[in-house]
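A.B. asks: predicted coordinates and the sequence they were generated for:
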Amino acid sequence: MKLSNLKYLFLRRFVQIGLLFLYFAGNFWGWKILQGDISTSMLFEKVPLSDPFALLQIFAAGATVGVNILIGALIIVLFYGIIGGRAFCSWVCPVNLVTDLAAWLRRKLMIDKIERKLWISRNIRYYMIVVVLVTSAITGLAAFEVLSPITILNRNIVFGLGSGLGLIGAIFIFDLFVVKNGWCGHICPLGGVYSVIGKYSLFRVKHTSENCTLCMKCREVCPESQVLHMIGKKSITVNDIECTNCGRCIDVCDDDALSFSITKIIKDNKESK
C-alpha cells in the first residue's frame, strides 16, 4: 500500500500517541503543556478542558462543579461542534487504537465472511446515554466514569497503572469475533454524545460521484459504513452525525472521489433529500 493511502491514519496515530505522551510527561516529568487526563485537563496551565459527558453525569448525580470545569466543557463542545463531534473518537480516544487493531485483524482473517446471526442496533449508544445519566442520578456517582474503558486505558498509560485492562481485552475480543466495530460503533455512550455535539459541524467528508468507480474500498474500511450511503449515487457531503472524520475512506480512495471540505450545512442537507 502506498504511503499516500495512509496519511490520515498516520496523522491520527501521531495525534493519539502524542496526546498520551504529553499527559504522561505532565504527570512524570512535570511538563506544563497538557496536565491531567482525558476527563479533565489543563492546557499550558491556563486553558481548562473537560469531558462534557462527565459533566452531565456529575450534574445528574447532584454534585456541584467549579467554574473551570464548566468553561472546560464549553471549550470542548465548541471545538468538536466545529470540526465534527466524533473526530474525538478517531483522533483522540485511546480505545480507538484497540478497536482499529481489532477491525484490521477482522479484515485480514476475513471474519466478516463467516455467516453470523448476531446483530445489534447502532442506536444502543444513545440509549446508553440515558441509562448512564439515570444510573448517575440514582447512585450519586458519575456512573460511566467508574467503568469507562476510555478512562481506564488513558489512566493506565498516563499514570502507569495496571488495573482494569481485562475490560480493554474484552472489547478487543468483542470487536474481533462478535460484532464489527462493536464497542465504538454500537455501544459507547461517549461516541453518542459527540455525535450530537457535531451535528452541525463544518468539516465533512465530500463525495464526488463523477470520480467514483464503485470499488467500495471506502465502505470496507469505514467504521461507520452506513454514513457512506451516497457512494456512486450523489455528489454530497457526509452529513450523518455518526461519521468519525477519521479520513480512512479518503486514504483508500484511488479515484479522488472523497475529500475533506468545509460544508454549507443547510445547502448540503437540501441536496441530500
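C.D. replies: Done, it's in.
A.B. asks: next SSE after the longest helix that the chain contains?
C.D. replies: Longest among the helix segments of the chain by residue count, using DSSP state H, is helix 7-28. Using DSSP states H and E, the helix or strand that directly follows helix 7-28 along the chain is strand 34-36.
A.B. asks: that following strand: partners in the sheet, and parallel or antiparallel?
C.D. replies: Sheet partners assigned to strand 34-36 using DSSP bridges are listed as strand 40-43 (antiparallel).
A.B. asks: now do the helices in this structure.
C.D. replies: 7-28, 52-60, 67-83, 87-91, 95-108, 124-139, 143-147, 149-159, 165-173, 182, 189-197, 217-221, 248-252, 265-272.
A.B. asks: quick one, the longest one and helix 149-159 angle?
C.D. replies: So the one you mean is helix 7-28. Interaxial angle of helix 7-28 relative to helix 149-159 (axes from the mean of the first three to the mean of the last three C-alpha atoms, to 10 degrees): 60 degrees.
A.B. asks: same deal with the fifth one?
C.D. replies: Computed with the same axes, to 10 degrees, the direction of helix 95-108 lies at 110 degrees from that of helix 149-159.
A.B. asks: just to revisit the earlier point, which one of the helices of the chain lies nearest to Phe203?
C.D. replies: Nearest of the helices of the chain to Phe203, taken as C-beta to C-beta: helix 67-83 at 5.0 Å. Bear in mind the C-beta positions are built from the backbone N, C-alpha and C, glycine included.
A.B. asks: picking that back up, show residues contacting the longest helix of the chain.
C.D. replies: Helix 7-28 is contacted by residues 31-38, 41, 90-94, 96-97, 154, 157-160, 246-248, 250-251 when judged by C-beta atoms under 8 Å, 6 or more residues apart in numbering.
A.B. asks: residue at max distance from the center of the chain?
C.D. replies: The C-alpha centroid of the chain is most remote from Glu210, which lies 29.8 Å away (C-alpha atoms, centre = their mean).
A.B. asks: can you list the weak-confidence ranges in the protein?
C.D. replies: Flagging of the chain using pLDDT under 70 yields the residue ranges 1-4, 115-117, 162, 263-273.
A.B. asks: domain ranges for it?
C.D. replies: 3-196, 202-272 (automatic domain parsing).
A.B. asks: follow-up on the earlier one: save the helices of the chain as TSV, and put in mean neighbour count too.
C.D. replies: Formatted as TSV, the helices of the chain follow (neighbours: other C-beta atoms under 10 Å):
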stretch	mean neighbour count
helix 7-28	16
helix 52-60	21
helix 67-83	17
helix 87-91	25
helix 95-108	18
helix 124-139	17
helix 143-147	18
helix 149-159	20
helix 165-173	14
helix 182	22
helix 189-197	24
helix 217-221	18
helix 248-252	22
helix 265-272	13
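A.B. asks: put together CSV for those, with distance to His229 on each row.
C.D. replies: Rendered in CSV, the data for these read as follows (distance: least, C-beta to C-beta, whole Å):
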stretch, distance to His229
helix 7-28, 21
helix 52-60, 28
helix 67-83, 23
helix 87-91, 19
helix 95-108, 20
helix 124-139, 19
helix 143-147, 30
helix 149-159, 28
helix 165-173, 27
helix 182, 21
helix 189-197, 16
helix 217-221, 9
helix 248-252, 13
helix 265-272, 10
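A.B. asks: nearest to Asn239, out of the ones you listed?
C.D. replies: Closest approach to Asn239 among the helices of the chain is made by helix 265-272 (5.9 Å; C-beta to C-beta).
A.B. asks: ok, the residue farthest from the centre of the chain touching Gly232?
C.D. replies: No - using C-beta atoms under 8 Å, Glu210 makes no contact with Gly232, being 10.1 Å away.
A.B. asks: tell me the contacts of the nearest residue to the residue farthest from the centre of the chain once chain neighbours are set aside?
C.D. replies: Spatial nearest neighbour of Glu210, excluding adjacent residues (C-beta to C-beta, 6 or more residues apart in numbering): Ser235 at 6.8 Å. Going by C-beta under 8 Å, 6+ apart, Ser235 touches Lys206, His207, Thr208, Ser209, Glu210.
A.B. asks: what's the closest of those to Val65?
C.D. replies: Lys206 (38.9 Å).
A.B. asks: I am finished for the moment; much appreciated.
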